[in-house]
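In: I would like to see how this sequence folds:
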Amino acid sequence: MDTAVRSLSAFAALCILIAVALNLFPQRPASSSANAEPRVVRVTDAPTAPVRLHVPALGLAADVLPLALDAQGALDAPAFRDAMKVGWYALGPRPGERGPAVLVGHRDAPADSGSTVVRSGRDTIRNAVFAKLGRLRLGDVVETELGDGRRVPFRVTAVDTYPTKDFPTARVYGPVPGPELRLITCGGVIDANGHWDSNVVVSAVAVT
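Out: All right, here's what the predicted structure looks like:
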């Protein structure tokens with residue numbers, strides 16, 4: 001087999017991997033609303049599942065909830081009553097496995113966890129677990145604590161903000177050669193409907 005044929009075969013295999021990944025991963029970023037009850041996933045092999053997230057640069061230590069997709073196919077997020085917890089996309093890779101392990105959290109939440117966010121300048125909201133996520137810098141360390149007590153460290157390689165309407169699904173959720181992490185929250189500016197118009201995505205690679 002000559003070089004050109006081998007290259008085409010490798011490219012075709014990569015396209016298949018991406019197609020498979022996009023069927024397994026969310027087709028849309030996390031919803032900015034959490035009025036509906038998220039569907040918590042029962043995990044198998046609990047000792048290797050993430051239970052806590054540690055971000056020393058932000059002074060953050062948060063419990064992790066295993067979640068899936070909402071009814072619209074978007075990445076589910078914790079309910080507002082759990083606004084200080086992080087959701088893990090439990091149908092994807094676990095931290096330390098090959099591929100991007102995806103963790104999502106709210107930037108803000110209603111002061112009353114049973115109400116709806118109103119971002120109109122009135123004091124109706126409070127900071128949530130990922131309020132400071134965009135302050136992370138390249139090289140900062142993020143650790144995921146697993147059910148058996150082990151910690152899997154990652155090093156931040158990128159902090160990006162993407163408009164929600166143009167969210168790069170393949171770039172964020174697609175296959176990668178080694179263990180990586182994606183931390184996702186709302187960002188950008190508040191639109192006319194009172195919603196954040198973008199998503200902050202922190203990418204990190206496993207520390208070996």
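In: OK, contacts around Gly147?
Out: Ala46, Pro47, Thr48, Ala49, Pro50, Val51 (CB atoms under 8 Å, 6 or more residues apart in numbering). C-beta: built from backbone N, CA, C; applies to glycine.
In: tell me the phi and psi of it?
Out: Per-residue torsions, Gly147: phi -60, psi -30 (degrees, to the nearest 10).
In: I'd like the distance between it and Arg52.
Out: Here Gly147 is placed at a distance of 9 Å from Arg52 (CB to CB, to the nearest Å).
In: so which helix or strand takes in the residue nearest to Glu145 when sequence neighbours are not counted?
Out: Spatial nearest neighbour of Glu145, chain neighbours left out: Arg52 (4.0 Å); criterion: CB to CB, 6 or more residues apart in numbering. Remark: Arg52 resides in strand 50-55, with elements defined by DSSP states H and E.
In: name every strand pairing with that strand and say which way it goes.
Out: strand 60-67 (antiparallel), strand 141-146 (antiparallel) (DSSP bridges).
In: output the contacts of Gly147 in TSV; the columns should cover pLDDT.
Out: Output for the contacts of Gly147, formatted as TSV (pLDDT from 0 to 100):
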residue	pLDDT
Ala46	95
Pro47	96
Thr48	96
Ala49	97
Pro50	98
Val51	98
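In: if you rank those by neighbours, which is first?
Out: Using other CB atoms under 10 Å as the neighbour criterion, Pro50 leads those with 25 neighbours.
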